[in-house]
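Undergrad: Just a sequence and a predicted model for now, questions to come.
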Amino acid sequence: MIANFGAVLGNRITLGPDIRTDDGVLDACVFSPRTLPDAMRIMSQLLRGRFDTDPSMFYGRGRDIRVETTPPLPWQADGELMGTTPFHVVAEPLAVRLLVPRLRASS
């Protein structure tokens, strides 16, 4: 997962340590459970917001991230399938402009 948000489901699940929306970097969160107990341990840590060293969890951050897998796998963005790996993600400063209508003066 490449994220710029730190929690989901109303802040019930924290995805990784120190993930912020306003720091200009992307956070890579790689969860690789091999067994059901691995998956349960990872979920337990995410629910508790604990990110101790774990062989099934990896965190990295950067402004320019490339993800490659062997074999190539499908990837998605916001629930929409985008293609297969590899893919490349770049944090673009000021890439979004929010337009807000002016308030009308009350009469």
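TA: Cool, the structure landed.
Undergrad: just the helices in the chain please.
TA: Ranges of helices in the chain, per DSSP state H, are 36-48.
Undergrad: Below-threshold pLDDT in it: ranges please.
TA: Residues of the chain that meet the criterion pLDDT under 70 lie in 1, 3-7, 11, 107.
Undergrad: would you list every one of the strands in this protein?
TA: For the chain, strands defined by DSSP state E occupy the ranges 2-3, 7-8, 13-14, 26-31, 57-62, 64-67, 74-77, 80-84, 87-90.
Undergrad: Reformat the ones you listed as TSV; add mean neighbour count and distance to Arg20.
TA: (Each C-beta comes from the backbone N, C-alpha and C, glycine too.) Listed next are those as TSV, based on neighbours: other Cβ atoms under 10 Å; distance: least, Cβ to Cβ, whole Å:
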stretch	mean neighbour count	distance to Arg20
strand 2-3	17	10
strand 7-8	14	11
strand 13-14	16	12
strand 26-31	18	9
strand 57-62	15	10
strand 64-67	13	16
strand 74-77	12	20
strand 80-84	10	24
strand 87-90	13	17
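Undergrad: The ones you listed into JSON lines, with extra columns for distance to Ala39?
TA: Formatted as JSON lines, those follow (distance: least, Cβ to Cβ, whole Å):
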{"stretch": "strand 2-3", "distance to Ala39": "19"}
{"stretch": "strand 7-8", "distance to Ala39": "17"}
{"stretch": "strand 13-14", "distance to Ala39": "14"}
{"stretch": "strand 26-31", "distance to Ala39": "8"}
{"stretch": "strand 57-62", "distance to Ala39": "11"}
{"stretch": "strand 64-67", "distance to Ala39": "21"}
{"stretch": "strand 74-77", "distance to Ala39": "19"}
{"stretch": "strand 80-84", "distance to Ala39": "23"}
{"stretch": "strand 87-90", "distance to Ala39": "24"}
